[in-house]
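**Q** Sharing a sequence plus its predicted fold:
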Amino acid sequence: MRRLFILCVIAPAFLRAQQDQPVKWEDKFKQLGPELATPNDQRAASGAPGFAYWQQRADYNMKIRLDDATQTLYGEEEITYFNNSPDQLTYIWLQLDQNAFAKNSDSYAIEQMKIEDKVSYNDLIDLEPWYDGGFKLEHVQDASGKPLKYTINKTMMRIDLPGGLKPKGTFVFKIKWWYNINDRIRLGGRSGYEYFEEDKNHLYTMAQFFPRMVVYADNQGWQHKQFLGMGEFTLNFGNYIVSITVPEDHVVAATGVLQNPKDVLTTTQFQRFEKAKTSDEPVVIVTEDEARENEKDKSTKEKTWVFKAENVRDFAFATSRKFIWDAQRVKIGDKTPLAMSYYPKEGNPLWGQFSTRVVAHTLRTYSKFTIDYPYPVAISVHTKWMGMEYPMICFNGGRPEKDGTYDEGTRNGMISVIIHEVGHNFFPMIINSDERQWTWMDEGLNTFVQYLTEKEYDSNYPCQRGPARNIVDYMKGDKSKMCPIMTNSESIYQFGNNAYGKPATGLNILRETIMGRELFDYAFKEYSRRWAFRHPTPDDFFRTMEDASGVDLDWFWRGWFYETDHCDMNLKEVRAFRLNTHNPEIEKQFDRNQKANKPKDVSLEKDRQEKLEIQVQSDPDMRDFYTTFDPYEITTLDKKEYEEYLSRLSDDEKKLVNSGKLFYQVTVENKGGLIMPLIFDLQFKDGSHQEIRIPAEIWKRSEPEVTKVFSVNQEVVSITLDPWLETADVDLNNNNWPAKVVPSRFELYKENRQGPSRENPMQRAKRANN
């Protein structure tokens, strides 16, 4: 440990700044200027909607018929389009997302495949489009039934308006169509059917099944980017009345409130339905026994279910004779929405035990962090291998084995996907961002609140996305296979990590490490409140988070969202110092100890072992004053000089000199490029610890290297940088002083020629008990 001498002469500030100035200067704190849109009357600089903000509206009145015998959907709709913009429109655009399944779709054309050693039959069959699943339009008419001129451009359709549509005007038109419903298990997609071979029944999850209005917005005009499969949907709010005709023994779940329950339910089922509205536990409305009977009968008669939904951006439904249905109320503020689940017998026992309860928990938790859930229902529908969201309804995977057992991963996967998809009611169904352009604005924000919800579900829950440590492998990966979060949805590499994991992790770092929970939660809730039932952009989110918290976060948005740098902080050097007290009783003993503790000289040691004759020792005439002089002996003069030194000090200076404090100079090098706060854990000789947190602003003038001095009262035995793994530091081997190697684990194995056991723990327990 070095002694620290207090100097009376201090170098001028400008000289120190010149000496400390790094050779390379890269301003990581440069404000986001050209990256953000210029504020205007529609979108304020604060991130709030401007005083002249507007958005369009589209109301739908639909009649849908699903033919279970041919797996065909037939539809008619009347759309009322409200032009709330200040612009006169000469045409309007609609989305025909189902055309992604047309034989000539770009989705087929741009599909890539490499032939490796093994190729599936389906991969080769699908090289040439064979399934025709696009919309078949029968007519496009105005309100009086006259044909309208329209042009179809792949997944988009333009309708030319006779006479145009003036500001504050409305336009009513009608479309009739049909299409072949896709086998979702075979062909994929967000919508379609699953066929159950054992009982010869179908389970339909229907979405993107109708032509929908494209968003016309203040910041971009028509958002008519083609639907290629990855970038999801950009939609208007509106009111829906939808009549769905299905086989008589089907049970239908849909966006909105069922308008005719007495017409489609038995008397007993209706009574159960009413009971669920006042129950805090799930009430089974359609039982498993009733569902099994429906599976056998396969009625050829039809029944129409009518649903009404207000102020939603989309509509979806599910239908099957296999459905079991349960529901319970959820108290949220002054509302009591119904949490409901629809699932076949193949989903039990998992779904009957967990699904509706998880829906209820999700609504409560998301409401705490955003806004109170405003809709009357929230529905979870069972599917195989899926997770997809729509207003008030979502389709979720998680299926146990045929014997009813399941492994922990299946259970947790089901719980996570239900939380995630129900959570999408908030992002983007209510806080209605542009999914076609920015996937992260709904998936990333939703995954973050999913993480908070999972933690409140079970404190030991194995959360996959959110904790900083879980994103490290991605962050340290090949940068050529990485892109910034601020990338268009169709151009993203590593979709899950980029659009889900990294944004969610970034928000968690903001909440826990940079802003703190109180400031973050207030700002995040304010963003949700400001943009509920509106169309926010990334700029609105970034600006609101800063505006509501009073924290400048431009450096974080730039590093985490606009760039691909990673965090690798190197604890480059630690130097220890103690004050020179000038007290001879202390300092001379210190010097004596320092000399005694010096490493031994190998040559002198060998001389002693060989008993080498030393001239000074054998010849007294070779000795003088210095031969026996002890420089560490305390003299009267030493004491006098010390007293004179003390007389020149003020009381505060004497207190400091006699404090016994130790000083540790710590230098940290930013090797990864991404700046972060610095968190240190100092462990002392007596076993105690001290945590020191330094905000990221320490990098403002000294990047890529900073030096900090810590004043402590006792000896430090170790220093750890980022001890709680809060910053996604990709290399922990350079985070410790003294240096410490962080071990990785590898596993020895013998080749198992019989293959791994496929038993889950529940099956093993059953076998053990037998």
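**A** Everything's here; your move.
**Q** could you say what helices and strands the helix ranked longest in the chain packs with?
**A** Criterion DSSP state H: the longest helix present in the chain is helix 350-369. On a contact count with 3 or more C-beta pairs under 8 Å, 6 or more residues apart in numbering; DSSP states H and E, helix 350-369 meets strand 324-329, strand 338-343, strand 377-382, helix 408-423, helix 440-457, helix 517-531. For glycine as for every other residue, the C-beta is placed from the backbone atoms N, C-alpha and C.
**Q** just for the stretch 501-650 of the chain, where's the confidence low?
**A** Along the stretch 501-650 of the chain, the model assigns pLDDT under 70 to no residue.
**Q** Make TSV out of the helices and strands packed on helix 350-369 and add distance to G559.
**A** Shown next, in TSV, are these (distance: least, C-beta to C-beta, whole Å):
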stretch	distance to G559
strand 324-329	44
strand 338-343	39
strand 377-382	36
helix 408-423	26
helix 440-457	15
helix 517-531	17
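**Q** any chance of those in JSON lines, with mean neighbour count and distance to G133 too?
**A** Shown next, in JSON lines, are the helices and strands packed on helix 350-369 (neighbours: other C-beta atoms under 10 Å; distance: least, C-beta to C-beta, whole Å):
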{"stretch": "strand 324-329", "mean neighbour count": "23", "distance to G133": "29"}
{"stretch": "strand 338-343", "mean neighbour count": "27", "distance to G133": "24"}
{"stretch": "strand 377-382", "mean neighbour count": "27", "distance to G133": "21"}
{"stretch": "helix 408-423", "mean neighbour count": "22", "distance to G133": "23"}
{"stretch": "helix 440-457", "mean neighbour count": "24", "distance to G133": "25"}
{"stretch": "helix 517-531", "mean neighbour count": "18", "distance to G133": "35"}
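**Q** out of those, which comes closest to G501?
**A** helix 440-457 (7.1 Å; C-beta to C-beta).
**Q** Which parts of the stretch 501-650 of the chain are strands?
**A** 569-579 (DSSP state E, counting those that start in this stretch).
**Q** hey, where'd the helices end up in it?
**A** 502-509, 517-531, 538-549, 554-556, 584-596, 602-609, 615-618, 625-628, 636-647 (DSSP state H, counting those that start in this stretch).
**Q** Would you mind pulling up the elements that the longest one packs against?
**A** What it means is helix 517-531. helix 350-369, helix 538-549.
**Q** buried set for the longest one?
**A** Read that as helix 350-369. Going by neighbour count (16 or more other C-beta atoms under 10 Å), the buried part of helix 350-369 is 350-352, 354-369.
**Q** Show me what S320 is bridged to.
**A** V251 (DSSP bridges).
**Q** what's the neighbour count on E288?
**A** By other C-beta atoms under 10 Å, 16 other residues sit near E288.
**Q** who touches the residue nearest to D87 when sequence neighbours are not counted in this structure?
**A** Distances taken as C-beta to C-beta, 6 or more residues apart in numbering place P167 nearest to D87, at 6.6 Å, with adjacent residues excluded. Each residue near P167 by C-beta atoms under 8 Å, 6 or more residues apart in numbering is listed here: N83, N84, S85, P86, D87, Q88.
**Q** any idea how far P167 is from D547?
**A** 30 Å (C-beta to C-beta, to the nearest Å).
**Q** Run through the protein and note the low-pLDDT ranges.
**A** 1-25, 108, 117, 121, 124-127, 130, 745, 747-757.
**Q** Next, name the residue at the spatial heart of it.
**A** A504 (2.3 Å; C-alpha atoms, centre = their mean).
**Q** ok so, going back, in terms of helix, strand or coil, where does the residue nearest to D87 fall?
**A** coil (DSSP: H, G, I helix; E, B strand; the rest coil).
**Q** Any buried residues in stretch 268-288, and which?
**A** Quick answer for stretch 268-288 (16+ other C-beta under 10 Å): Q269, R272, F273, A276, P282, V283, V284, I285, V286, E288.
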